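Undergrad: Quick one: sequence and predicted model below, then my questions.
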Amino acid sequence: MIPPLIIAAVLRERASIIAFAEVIAFCFLLGAGGIILKADFSKVYAKEGYVTVALAWIVLSAVGALPYTLSGSIPNYIDALFECISGFTTTGATTLTDIEALPRSMQYWRCFTNWLGGMGVLIFIIAVMPRSAGSGTGLHIMKAESPGPSVGKLVPKMRSNARILYGIYVVMTAVMTGLLIIFRMPVFDAVCISFGTAGTGGISVLSDSCASYTAEQQVIITVFMILFGISFSLYFLLLTGNLKAFFRDEETLTYLAIIAVSTLTIMFDLRRLYPHPEEALLKSVFHVGSIISSSGFTTTDYNLWPEFSKAVIIILMFIGACAGSTGGGLKVSRVIILFKSARLAIRKMIHPQSVKQMRISGKPISGEVARGVRVYIGIYSIIFAISLLLISVDNLDFTTNFTAVSAALNNVAPGLGDVGPSGNFAGYSAISKLVLSADMLIGRLEIFPVLLLFSPTTWRKAR
């Protein structure tokens, strides 16, 4: 919170200065208390790692919301909490109607939470704190915080893994910022938009998202939204000269193919709305890249698009980006595994004695991973149905409710209806906002770390 405090001090935003200073002092006391407790990191195993991640994200969100309320920028704490969780989980959902009215320091804080949550708050801690990566702690935290069905090491030491990931993340963010500045975007906007793009969270400093920016600036944003939706481990392979592995990765190729096909079909569907092909192409690829990467930036109200295009948008919302990226959704790898599992099941029915192993990019996928994906989809569906029922009490229309839950669980906003590009989530009650906030956390942490908090066995001491 020191950078937004400095911004507030330079711009003389008195309320923000006091709010950030108070919360920084509170965080210092909270951290000092944690140090005094002297936690034993040698006894951190998978269960402790997952629970640590879930509790840490809840506490960080609760504390991160305080500056909004203390400064008066968002007086209602539930709305402030919703905003902060939306930022950290890179969802981009908001209850705000006039973003430009926020103090600059608060605008920066909103976008920075997007950037920090994209790669993972605790992975950042592993990268900068030597103690945090010891005795297997780092691996358990990375498994809980990294999106996708599995997490592998790039190099043997976990702290080095975290540093490599954040190094690539920082460089890509800096390159994008530089390009936007070269193409005459204001420096503050360029930094904040780059934060929102890198974290694939889509939080902007303008109420119209990216509609006010030039076509060239929108093209840069589009390219980087798509790039940040690709696994960062593949960028590491590129840096080490392993080009063949990068260009033969089945998940990445599928991800890019989905983007290409979706762009062309929506572009064809929009031919009557946008007579100029280049405009239809830019609108199509921008929003396809934005939704599948879970960035959520917009340049137009796609609520007004034909039904076919809106259906494609919703499907992309569920598919999401690649595992190991900063994107949300189910992940392309899970979709591939589901399709291959279905194909194997059908083959097994026809040829009961056949033995064939599932592979992705030439690598075998274990039965345990495949079962894990099916269990994940099952639990995901149950949570989706329960959340939809709970928020339906507010009596908003079905399209709004369905896409609101979709946006929250898949960490991509906006949706359609009242929560579309020209709307927001302000129409929901406090209870519904808490339900959607929980969905955002569940979606970002991939369900299981949060569910462990509600399991009685989690809190039993080992004998």
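TA: Happy to help now that I have it.
Undergrad: Please enumerate the helices of the stretch 351-463 of the chain.
TA: 367-391, 398-409, 430-444, 448-452 (DSSP state H, counting those that start in this stretch).
Undergrad: mind checking pLDDT for R460?
TA: pLDDT recorded at R460 is 78.
Undergrad: quick one: it and K47, what's the gap?
TA: Going from R460 to K47 by CB to CB, to the nearest Å gives 10 Å. (C-beta placed from N, C-alpha, C; glycine too.)
Undergrad: of the two, who's got more company?
TA: Regarding R460 and K47, a neighbour count based on other CB atoms under 10 Å identifies K47 as having more, with 15 against 8.
Undergrad: Remind me which helix or strand that one belongs to.
TA: According to DSSP states H and E, K47 maps onto helix 46-64.
Undergrad: Need the CA coordinates for the helix or strand that that helix is followed by. PDB is fine.
TA: Per DSSP H and E, the first helix or strand lying C-terminal to helix 46-64 is helix 66-71. Output of helix 66-71 as PDB, limited to C-alpha atoms (Å, rounded to 0.1, in the frame of the first residue of the first chain):
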ATOM      1  CA  LEU A  66     -10.300  -0.900   4.400                       C
ATOM      2  CA  PRO A  67      -8.800   2.000   2.500                       C
ATOM      3  CA  TYR A  68     -11.900   2.300   0.300                       C
ATOM      4  CA  THR A  69     -14.200   2.600   3.400                       C
ATOM      5  CA  LEU A  70     -11.900   4.700   5.600                       C
ATOM      6  CA  SER A  71     -11.300   7.200   2.900                       C
END
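Undergrad: After helix 66-71, which helix or strand is next?
TA: Using DSSP H and E, the helix or strand that follows helix 66-71 in sequence is helix 77-88.
Undergrad: Which neighbouring elements make contact with that next one?
TA: Secondary-structure packing of helix 77-88 (3 or more CB pairs under 8 Å, 6 or more residues apart in numbering; DSSP states H and E): helix 46-64, helix 66-71, helix 104-119, helix 430-444.
Undergrad: So which of the ones you listed is the most surrounded?
TA: Highest mean neighbour count among the helices and strands packed on helix 77-88 (mean count of other CB atoms under 10 Å): helix 104-119, with a mean of 25.
Undergrad: which residue ends up closest to the midpoint of the chain in space?
TA: Of all residues in the chain, the one closest to the mean position by CA atoms, centre = their mean is T90, 3.8 Å from it.
Undergrad: Just the element for that one, please.
TA: Using DSSP H and E, T90 sits within no helix or strand.
Undergrad: What sits closest to it if chain neighbours are left out?
TA: In space, and not counting its chain neighbours, T90 is closest to G201: 3.5 Å by CB to CB, 6 or more residues apart in numbering.
Undergrad: For the one you found, list the residues it contacts.
TA: Shown in contact with G201 (CB atoms under 8 Å, 6 or more residues apart in numbering): 86-87, 89-92, 114-115, 117-118, 294-296, 411.
Undergrad: what are the ranges of the strands in this structure?
TA: Along the chain, counting by DSSP state E, strands occupy 359-360, 363-364.
Undergrad: From L416, how far off is the closest residue to S406 other than its chain neighbours?
TA: Excluding the flanking residues, the one nearest S406 by CB to CB, 6+ apart is M317, at 5.3 Å. Distance, M317 to L416, using CB to CB: 10 Å.
Undergrad: The residue nearest to the centre of the chain is in contact with F195, isn't it?
TA: No - T90 is beyond contact range of F195, at 10.2 Å (criterion: CB atoms under 8 Å).
Undergrad: Mind listing the shared neighbours of the two?
TA: Common neighbours of T90 and F195 (CB under 8 Å, 6+ apart) are N114.
Undergrad: okay, how far is it across stretch 205-222, tip to tip?
TA: Across stretch 205-222, the terminal residues are separated by 17 Å (CA to CA, to the nearest Å).
Undergrad: which residues sit against that stretch?
TA: Contacts for stretch 205-222 (CB under 8 Å, 6+ apart): 97-100, 107, 111, 176, 179-180, 183-185, 188-189, 192-193, 197, 202, 204, 282, 285-286, 289-290, 297-300, 421.
Undergrad: Buried residues in that stretch, which are they?
TA: Using 16 or more other CB atoms under 10 Å as the test for burial, stretch 205-222 gives V205, S207, D208, S209, C210, Y213, Q217, Q218, V219, I220, I221, T222.
Undergrad: what are the phi and psi values for the first one?
TA: The phi and psi torsions at V205 (degrees, to the nearest 10) take the values phi -100, psi 0.
Undergrad: Name the helix or strand of this structure that has the lowest mean pLDDT.
TA: Here the helix or strand of the chain ranked lowest by mean pLDDT, DSSP states H and E is helix 137-145, holding a mean of 57.
Undergrad: now the residue at the greatest distance from the centre of the chain: how far from R359?
TA: Going by CA atoms, centre = their mean, the residue of the chain most distant from its centre is Q353, 42.4 Å out. Per CB to CB, Q353 is found 20 Å from R359.
Undergrad: No further queries at this time; thank you.
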